[in-house]
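# Below is the sequence, then the predicted model.
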Amino acid sequence: MPRLDSPAALETLRQRLIAARAFWPVRLILSSGTCGQASGSLAVLAALRQRLDRPDLRDSVHVRVTGCQGFCDQEPLLIVDPLDVAYCRVKPQDIEEIVSQTLLEGRVVERLLYVDPRSGARVRREADIPFFAKQDRALISKNRWVDPCNVGDYIAAGGYSALAAVLSWFAPQRVIEEIRASGLRGRGGAGYPTGKKWEQCRNAPGEHRYVICNADEGDPGAYMDRGLLEGNPHLILEGMLIGAYAVGSEQGFVYVRNEYPLAVQNVRVAIEQAREMGLLGRNILGTNFSFDVKVARGGGAFVCGESTALMASLEGKVGEPRVKDVHTVERGYLDQPSLLNNVETWANVPDIIRRGPAWFAARGTETSKGSKIFALTGQVKNTGLVEVRMGTTLREIIFDIGGGPRDGKGIKAVQTGGPSGGCLPVSLFDLPVDFEALAEAGSMMGSGGMVVVDESVCMVDFAKYFLKFLQDESCGKCVPCRVGIGRMHEILTDFCEGRGTMAQLAVLEELAWTVQNASLCALGKTAPNPVLSTLRYFRDEYLAHVEERHCPAGVCKALIRYEIDDALCVRCGECIAVCPHGAIQEGETYVIDNALCQKCGICEDACAPEAIRRTRGLVHA
Amino acid sequence: MPKLVSMIVDGATVRAPAGSSVLEAALEAGICIPNLCHMPGVHALGACRVCLVEVIPVAGSGRTRLTTSCTLEAREGLVVTAHSPNAVRARRNIVELLLAEAPNSRAIQDLAVRVGVRAVRYPMRNKNCVLCGRCVRVCDEVWQSKSLGFVGRGSDCHVALPFNTRPSTCKRCNTCVDVCPMTVTPCPGPQKAPAICGLCESQCSMAQNTPDTCVWCELGRGFQCARWQMRGLKAGIR
């Protein structure tokens, strides 16, 4: 790629790239993000490359390897562009059929199409798949058009035009005005108005200013930032460039966790490409604006997603938060004003400039504008990255897009906002997804994790899981978080093991209040949310554990017992064969010896007539 | 002459040099805010969270929030309360957590009596360190030795020598032991005349309605506190 010395040169290059792309008659789009690769997209790609390596196909078929398209459940996804056919869960052995049928003869391979679980019909076009049709995919749909390691794809799709516009016509103050007018709020969790943050950073006194992209995404079951950063790294860079121009920064960082190797690799490639083309470095596009970006890899600490801990980590210190009486926009990295935004926030910036703040502000609710990506996981049929307008109800996301419960059991709740968020019951599923509405219900937007649980999950056990995660990830600096979360976990363990008392329940609530109010950083301040929200909406389950020593979902091992129903038992011997502990004895009838039973549940799964079932257990003496 | 700022702590107007912390200013003015990890001469860590105060928003904007007074910089017009119901409640709960971690520390026992902890509702752990970081900071910032540091994260976090061997930079000054709350000189017991003895780690206050000498609390009996044994000897019981 040539070095670009003016916005006009960028435009010329774009026209050339678009023209070149018009000569590719057939385009195959294979999504190969981390989720795709885990599903075997690399083997599919190898098979595809081998099959296409013949004179008649080599030049006419263009294979574009993209990042995650969102439908992680159906990966690897292969889209044939002129026909607009989407093949799901493609395997290397399917390639022969796809090439010979679809590419050479123009016929659709029916068996590889997506099957709508509701109607059972096969869906041909990607856009008709209900999972995609109900979304507003302003950001994530860009991944389809871009090979993350090919800057040409990004420029042909209109990339860097927002930067060119900003450098040609906008004063820095005007950029901030545009962002403010759009109503964009930080996508990292707290929802701080982005325009206000930029303004504060610009006005803060300091010699240098730094622009940082926070890609230290660590919530269990959340990977929105990974999807964007590894699928479209130039989009993030363009957003950061615009931000740097607005606040007057010359140095930026992408702080990405090392557990995202593909994201690290792709963003490094993108930075190299941008430097080569003069989109990063000195005198960008021939103007006197200079900016460069470095990649900093995080060592896997959840707490480093917190702004002050992240900056300590960037400085090479231990990644521990400090008290935030002075915010990082005033004193951050090296005590200079630092502008830290989440990956998704940066990704929204180029479109706001290109399409205008009114376009952005027109979507969403009164206080929350635009669209938001959620990582929909758990016990729903369609899991993946879901991008919806703010204000969409949880019900639409979970039932219409997510397709409802996976195993036929009823959905019980959804955990939004990751381990620091809250658990919302089905009765609140008409709640719009909006910063204020979720916070009022005792949860939060968070970075966008959404874990759906069905009736087989015990809410006490669920809250305990998140507490355990936070206890492990606490930095250990302040007492309420280090000790308080540990004590809360201890109390929940007592509940789950049948030792709980009502006095402990009161202590739990008191402790939750203390940790919430007295902790040093946001990790501690939000850590009790899973407990508080489950206490608020599923208090009966806590009471059942404590007062009746009963786990309604039958999850807590100390509170259940397996029993064989003689009326149903056919004495097939299957349970005796599978029991690893030798706990089932054959006599007059089959009997489970509770002294030996470890409650693993293997016999329950093995029993064909379903004679083995969980009942209320005796509390062990 | 440093510039002075005036603020309101617990309803009293306090003037303090600009740049000092609210905790220092309050202690200087005789308003006691209980504290543990704070130490003059080293930077404020805000780790123990005992010196919590409630910041009252001026002119009704924003919400009140709890924050540590050792890290809060004194500003003109700042309004804080160290003994609001929320601050007292949070502080009591935190000291209770500390006490369950290290029931044998005299400093923490004293602190517990002062903030009104009457019972510990958690199983005792009997640790010898509460990670207040006084030793680490004094070694680094006063003696410029950096012989001690925090190792590990979360529940694994502990204070250790580099690679568990005494480095050549260690001057064997023993300051780390002197400042450790586990080794603080215990309170000698009630004074003959009602007065402040000055030995109490957390310096008794005028503003707080807590006993200014040891009351032989029930808590102390549970931990075999030296003072309880002294009392027993004096009274001739046991």
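Nice, I can see it. Quick caveat: nothing in here was measured; it's all calculated off a predicted structure. Numbering: from 1, shown residues only, chains lettered A, B, ... in the order given.
# show me what contacts whichever residue of chain B sits closest to chain A?
Distance from chain A to each residue of chain B (Cβ to the nearest Cβ) is smallest for residue B:157, at 3.2 Å. Where you see a C-beta, it was placed from the backbone N, CA and C, and this is true even at glycine. Applying Cβ atoms under 8 Å, 6 or more residues apart in numbering or on different chains, one finds that residue B:157 lies in contact with A:475-477, A:482, B:131, B:150-151.
# rerun at 7 Å
A:476, B:131, B:150 (Cβ atoms under 7 Å, 6 or more residues apart in numbering or on different chains).
# do the same with residue A:582
residue A:596.
# CA atoms of stretch A:485-495 as CSV?
Extracted in CSV, the C-alpha atoms of stretch A:485-495 (Å, rounded to 0.1, in the frame of the first residue of the first chain):
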residue,chain,number,x,y,z
ILE,A,485,-16.1,-11.0,49.5
GLY,A,486,-14.3,-14.0,51.0
ARG,A,487,-16.6,-13.9,54.0
MET,A,488,-19.7,-13.6,51.8
HIS,A,489,-18.5,-16.6,49.8
GLU,A,490,-18.1,-18.5,53.0
ILE,A,491,-21.7,-17.7,54.1
LEU,A,492,-23.1,-18.8,50.7
THR,A,493,-21.0,-22.0,51.0
ASP,A,494,-22.6,-22.6,54.3
PHE,A,495,-26.1,-22.1,52.7
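# Say whether chain B is contacted by that stretch.
Yes: using Cβ under 7 Å from any Cβ of the partner chain, stretch A:485-495 reaches chain B at A:486-487.
# And the strands in chain B, which stretches?
B:4-9, B:12-17, B:52-56, B:65-68, B:79-81, B:149-151, B:158-160 (DSSP state E).
# Go through these and pick out the most buried.
strand B:52-56 (a mean of 23; mean count of other Cβ atoms under 10 Å in any protein chain shown).
# ok, back up a step: I'd like to know which of the strands of chain B is closest to residue A:174.
strand B:65-68 (34.7 Å; Cβ to Cβ).
# What parts of chain A come near chain B?
Taking Cβ under 7 Å from any Cβ as the criterion, chain A approaches chain B at residues A:301, A:318, A:323, A:325, A:471-480, A:482-484, A:486-487, A:507, A:510-511, A:514, A:517-518, A:520.
# contacting residues for residue 10?
Here I'm looking at chain A. A:4, A:160, A:164, A:285.
# Let me rephrase: I mean chain B.
Counted by Cβ under 7 Å, 6+ apart, residue B:10 has contacts B:31, B:81-83, B:207.
# neighbour-wise, which of those leads?
residue B:82 (24 neighbours; other Cβ atoms under 10 Å in any protein chain shown).
# Least confident secondary structure element in the chain?
No chain was given, so I picked chain A. Using mean pLDDT, DSSP states H and E, the weakest-scoring helix or strand in chain A turns out to be helix A:55-58, at a mean of 82.
# if you could check chain B rather than the one you did, that'd help
helix B:218-222 (a mean of 43).
# ok, and for stretch A:540-550, which residues are buried?
By neighbour count on 16 or more other Cβ atoms under 10 Å in any protein chain shown, the buried set for stretch A:540-550 is A:541-542, A:544-546, A:549-550.
# among those, which are in helices?
Counting by DSSP state H, the buried residues of stretch A:540-550 place A:541-542, A:544-546 in helices.
# Next up, the contacts around whichever residue of chain A sits closest to chain B.
For chain A, the residue closest to chain B is residue A:476, as judged by Cβ to the nearest Cβ, at 3.2 Å. Residues near residue A:476 by Cβ under 7 Å, 6+ apart: A:482, B:131, B:153-155, B:157.
# Surely it is within a strand?
No: going by DSSP: H, G, I helix; E, B strand; the rest coil, the assignment for residue A:476 is coil, not a strand.
# Now it: closest residue in space that isn't a chain neighbour?
Using Cβ to Cβ, 6 or more residues apart in numbering or on different chains and skipping the chain neighbours, the partner closest in space to residue A:476 is residue B:157 (3.2 Å).
# re the thing from before, for residue B:133, see how far away the residue of chain B closest to chain A is.
10 Å (Cβ to Cβ, to the nearest Å).
# from what I can see residue A:184 touches residue A:368, true?
No: in this structure, residue A:184 is not within contact of residue A:368 by Cβ atoms under 7 Å, at 9.8 Å.
# Closest one to residue A:344 out of the contacts of residue A:10, please.
Distances from residue A:344 to these, taken by Cβ to Cβ, are shortest for residue A:160, at 19.2 Å.
# Any idea how many residues pack against that closest one?
Residue A:160 has 28 neighbouring residues, counting by other Cβ under 10 Å.
# Show me which of residue A:184 and residue A:368 is the more surrounded one.
Neighbour tally, residue A:184 and residue A:368, criterion other Cβ under 10 Å: the higher count belongs to residue A:184, 26 against 23.
# give the contact list for residue 145.
Chain wasn't specified; assuming chain A. A:153, A:157 are the contacts of residue A:145 under Cβ under 7 Å, 6+ apart.
# switch to chain B, that's the one I care about
The contact partners of residue B:145, taken as Cβ under 7 Å, 6+ apart, are B:139, B:169-171.
# Check the residues you listed for burial and list the buried ones.
Among these, those that count as buried by neighbour count (16+ other Cβ under 10 Å) are B:139, B:170.
# Would you format the contacts of residue B:145 as TSV with pLDDT and distance to chain A included?
Compiled in TSV, the contacts of residue B:145 are given as follows (pLDDT from 0 to 100; distance: Cβ to the nearest Cβ, whole Å):
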residue	pLDDT	distance to chain A
B:139	92	16
B:169	91	19
B:170	88	21
B:171	87	24
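# Could I get the contacts of residue B:145 in CSV, plus columns for distance to residue B:146?
Shown next, in CSV, are those (distance: Cβ to Cβ, whole Å):
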residue, distance to residue B:146
B:139, 7
B:169, 6
B:170, 9
B:171, 11
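# returning to that earlier point: who wins for neighbours among the contacts of residue A:476?
residue A:482 (25 neighbours).
# Surely that one touches residue A:473?
No: in this structure residue A:482 lies outside contact range of residue A:473 using Cβ under 7 Å: 11.1 Å.
# I'd guessed residue A:193 sits against residue A:187; true?
No: taking contacts as Cβ under 7 Å, residue A:193 lies outside contact range of residue A:187: 12.0 Å.
# Who has more neighbours out of these two?
Comparing residue A:193 with residue A:187 by other Cβ under 10 Å, the one with more neighbours is residue A:187, at 28 against 16.
# For that one, give me its contacts.
Residue A:187 neighbours (Cβ under 7 Å, 6+ apart): A:342, A:344-345, A:372, A:447.
# and residue A:559, how many neighbours does it have?
For residue A:559, using other Cβ under 10 Å, the count is 28.
# Give me the pLDDT for it.
Note for residue A:559: predicted pLDDT of 89.
# ok, now residue B:188?
In this model, residue B:188 carries a pLDDT of 51.
# Apart from its chain neighbours, what residue comes closest to residue A:591?
Nearest residue to residue A:591 in three dimensions, chain neighbours excluded: residue A:585, at 5.2 Å (Cβ to Cβ, 6+ apart).
# likewise residue A:590?
That would be residue A:564: by Cβ to Cβ, 6+ apart, it lies 4.9 Å from residue A:590.
# Would you agree the one you found is in contact with residue A:594?
No: look at residue A:564 against residue A:594 with Cβ under 7 Å: they stay out of range, at 11.8 Å.
# the more surrounded of those two?
A direct count of neighbours by other Cβ under 10 Å for residue A:564 and residue A:594 places residue A:564 higher, at 19 against 14.
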